[in-house]
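> Need coordinates for the following:
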Amino acid sequence: MTTTFLALLPVFIVILVGFALRRFKVIGEAQWAGLDQLCYFVLFPAIIFKEIAAADFTGVPVFRMAGAMMLAVIVMIGLLVIFSRPLSKGLGIGGPQFTSLVQGAARWHTFIAFAIIPLQFGPAALSLGAVSAAAMTPLLNILCVMVMARFAGDAQVSARSLALSIIRNPFVFSSLGGVAWQVSGLTMPAMGLQVLDMIGRGALGLALLTVGAGLKLGDAISGWPPVAAAVVLKLLAMPLLMAGSLLLMGVEGQAFAVAMLCAAVPTGSGAYVLARQMGGDAPMVANMLTLQVIFAAVTIPLVLHLAGA
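Coordinates of the predicted model:
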């Protein structure tokens with residue numbers, strides 16, 4: 001575990017550098033927003049499309065891995081919805097806060113996962129990360145919007161709006177585009193690979209800087225019971241659910257380890273945007289993400305160690 005922690009330490013150091021850059025106003029607020037959008041809409045979609053379209057999935061249990069990851073997400077959100085009343089009463093929260101708890105427990109931070117995968121497993125394993133994005137991103141968007149519509153108050157979401165929000169998600173259309181290219185049997189032109197590689201090459205470090213810039217250490221302990229619950233659910237319970245799903249589906253080896261990593265990373269920053277748009281508790285999401293990033297420095301190496309990575 002110590003070896004894994006040391007291998008991943010640069011990831012968390014870069015996150016801290018991003019926090020320091022924003023804390024000391026080296027880069028302005030507007031510029032951080034632009035950098036985050038660049039990563040979200042351009043750099044990471046380029047990585048996801050390239051890794052799926054050009055990957056050799058021979059011997060990779062793509063469908064079993066994707067199915068296991070989707071099952072873990074459904075079980076986590078389903079259990080939280082089933083026990084929403086006792087959870088809300090025990091934690092002293094209302095509907096908007098409950099929706100933020102659900103997002104904090106189930107969503108995953110693609111930026112952090114994709115930064116760790118090549119360090120821990122090698123660049124070729126990014127294709128398995130892309131499988132994870134293709135499997136979980138559309139499902140999480142659908143389920144989280146449904147939870148928001150049910151528990152966040154008067155927010156109503158039409159089927160058309162839901163479909164558009166999913167289709168417009170850059171991780172969704174880049175992963176589906178990669179799948180379409182893979183299924184077509186076409187060979188990715190060498191120049192196209194070079195262009196996509198150059199676009200995506202700066203994504204990992206830049207994305208980690210934006211993660212650090214989004215941390216709000218001063219507010220992280222406010223309203224601590226649901227925030228603490230989200231830390232435990234995301235960093236410990238979600239990997240346990242994922243392990244059970246993967247074992248049930250017979251997934252093993254590197255595919256097992258990559259899926260476990262994707263389950264163990266903090267919640268995604270997209271949860272904050274959705275909470276703000278649909279009446280959830282956005283500040284609580286920010287607090288959850290901050291504490292999850294801090295504790296993930298310990299829990300991710302532990303999960304990878306137990307997964308045999």
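> how much space is there between residue 245 and residue 138?
17 Å (Cβ to Cβ, to the nearest Å). Heads up, the C-betas are built off the backbone N, CA and C, glycines and all.
> So between the two, which is more surrounded?
residue 245 (23 against 19; other Cβ atoms under 10 Å).
> wait, isn't the more buried one in contact with residue 73?
No. Applying Cβ atoms under 8 Å, one finds residue 245 not in contact with residue 73, separated by 9.0 Å.
> Return the set of buried residues in the helix or strand residue 7 falls within.
Using DSSP states H and E, residue 7 sits in helix 2-23. Neighbour counts using 16 or more other Cβ atoms under 10 Å place 4-5, 8, 11-12, 14-15, 17-19, 21-22 of helix 2-23 among the buried residues.
> Can you name every helix or strand that the helix-or-strand element of the chain with minimal mean pLDDT contacts?
When the helices and strands of the chain are scored by mean pLDDT, DSSP states H and E, helix 159-167 comes last with a mean of 72. Secondary-structure packing of helix 159-167 (3 or more Cβ pairs under 8 Å, 6 or more residues apart in numbering; DSSP states H and E): helix 126-151.
> counting contacts, what elements does the helix it packs on pack onto?
helix 44-54, helix 62-82, helix 95-106, helix 110-121, helix 159-167, helix 170-184, helix 253-264, helix 270-278.
> could you redo those as TSV and give each row mean neighbour count and distance to residue 238?
Below are the helices and strands packed on helix 126-151 laid out as TSV (neighbours: other Cβ atoms under 10 Å; distance: least, Cβ to Cβ, whole Å):
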stretch	mean neighbour count	distance to residue 238
helix 44-54	25	21
helix 62-82	19	6
helix 95-106	26	7
helix 110-121	23	13
helix 159-167	12	22
helix 170-184	18	19
helix 253-264	24	5
helix 270-278	20	14
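> now the ones you listed as CSV including distance to residue 230?
Shown next, in CSV, are the helices and strands packed on helix 126-151 (distance: least, Cβ to Cβ, whole Å):
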stretch, distance to residue 230
helix 44-54, 24
helix 62-82, 10
helix 95-106, 3
helix 110-121, 16
helix 159-167, 23
helix 170-184, 22
helix 253-264, 14
helix 270-278, 10
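> among these, which is nearest residue 213?
helix 110-121 (11.7 Å; Cβ to Cβ).
> Averaged pLDDT, the closest one. What do you get?
Helix 110-121 comes out with an average pLDDT of 88.
> Now do that helix and helix 2-23, the angle between them.
Angle of helix 110-121 versus helix 2-23, following axes from the mean of the first three to the mean of the last three Cα atoms, to 10 degrees, is 150 degrees.
> what packs against helix 110-121?
Going by 3+ Cβ pairs under 8 Å, 6+ apart, helix 110-121 lies up against helix 2-23, helix 44-54, helix 126-151, helix 203-213, helix 253-264, helix 282-306.
> mind putting those helices in TSV, distance to residue 235 included?
Below are those laid out as TSV (distance: least, Cβ to Cβ, whole Å):
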stretch	distance to residue 235
helix 2-23	14
helix 44-54	22
helix 126-151	17
helix 203-213	15
helix 253-264	6
helix 282-306	4
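> will you turn those into CSV that also has distance to residue 182 and mean pLDDT?
Formatted as CSV, the helices and strands packed on helix 110-121 follow (distance: least, Cβ to Cβ, whole Å; pLDDT from 0 to 100):
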stretch, distance to residue 182, mean pLDDT
helix 2-23, 29, 82
helix 44-54, 6, 83
helix 126-151, 10, 85
helix 203-213, 21, 80
helix 253-264, 16, 95
helix 282-306, 27, 87
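> and residue 18, what does it touch?
208-213, 215 (Cβ atoms under 8 Å, 6 or more residues apart in numbering).
> right, I mislabeled it, should have said residue 236
Residue 236 makes contacts with residue 299, as judged by Cβ under 8 Å, 6+ apart.
> Repeat that for residue 229.
87, 91, 101, 105.
> change it to 10 Å
80, 87, 90-91, 93, 101, 104-105, 237, 288 (Cβ atoms under 10 Å, 6 or more residues apart in numbering).
> Check the secondary structure at it for me.
helix (DSSP: H, G, I helix; E, B strand; the rest coil).
> Pull out the buried positions in the helix or strand residue 90 falls within.
Assessed by DSSP H and E, residue 90 sits inside helix 84-91. By neighbour count on 16+ other Cβ under 10 Å, the buried set for helix 84-91 is 84, 87-88, 91.
> what do you get for stretch 298-309?
Buried, per 16+ other Cβ under 10 Å, within stretch 298-309: 299-304, 307, 309.
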